[in-house]
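[1] Could you work out the structure for the sequence below:
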Amino acid sequence: MWTPRLSTATHDLWRFLVDRAREVQARRVRHRELRAKYSPEARGLKLLREWLSPEQREQFNAEGYFDVIGCHSRKKYRIRYGSSANIDELNDAGVPRMGWCFVPNIHLVAGDVMLAQKIALETNERDALAAANRFPRALPQAPPSTRSRSRGF
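    Modelled structure (predicted):
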């Protein structure tokens, strides 16, 4: 007589515990999704996308970078995802020829830094580049006579 009731009660208890555990797990997943959606990084990228032109937004979504035109020199710059050393000056063929690095003097997420770089190049290119560090995009190759030759070992 007690055995069936005890078995049913145990079964009901386990079902209750499993259901509560699933609810807790679902709430944790939802909480993580909300945190990711409203994180500083997500908000920075959202703001950046709002400021990009449709062409720049499409390019950024597809490639992870977008191109801007300097307001004074009319040179083309490519801003890649990141917060430092992420600007390439492009030649007429679209090949990076020089790298530029300038960032705000406070810590910001990548999206906010990229937006600041875009606005600086499009509205005050000279002052932005005057404050920037420049570096070659590719290491220069040694002349053919000094390059090591493969000996086929």
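
[2] which residues are in contact with stretch 69-84?
    Applying Cβ atoms under 8 Å, 6 or more residues apart in numbering, the contact partners of stretch 69-84 are 60, 64-68, 86-90, 94, 96, 100-101, 103, 108-110, 113-114, 117-118, 121-126. To be clear about C-beta, it is placed using only N, CA and C from the backbone, and glycine gets the same treatment.

[3] Could I get the average pLDDT for that stretch?
    Stretch 69-84 shows a mean pLDDT of 96.

[4] Kindly check the end-to-end length of that stretch for me.
    Counting by Cα to Cα, to the nearest Å, you get 19 Å between the two ends of stretch 69-84.

[5] How about it, which residues are buried there?
    Neighbour-count burial for stretch 69-84, counted by 16 or more other Cβ atoms under 10 Å, picks out 70, 75, 76, 77, 78, 79, 80, 82, 83.

[6] In strands, which of those fall?
    76, 77, 78, 79, 80 (DSSP state E).

[7] Now a PyMOL select for only the buried ones of the contacts of stretch 69-84.
    Buried members of the contacts of stretch 69-84, defined by 16+ other Cβ under 10 Å, are picked up in PyMOL with:
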select buried, resi 60+65+66+67+68+86+87+88+89+90+96+100+103+108+109+110+113+114+117+118+121+125
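
[8] Select from the contacts of stretch 69-84 every entry located in strands.
    Short answer: those in strands (DSSP E) are 65, 66, 67, 68, 87, 88, 89, 90, 96, 100, 101.

[9] Residue 56 is in contact with the first one, correct?
    To tie it back to what came earlier, the one meant is residue 65. No - Residue 65 sits out of contact with residue 56 when judged by Cβ atoms under 8 Å, with a separation of 9.5 Å.
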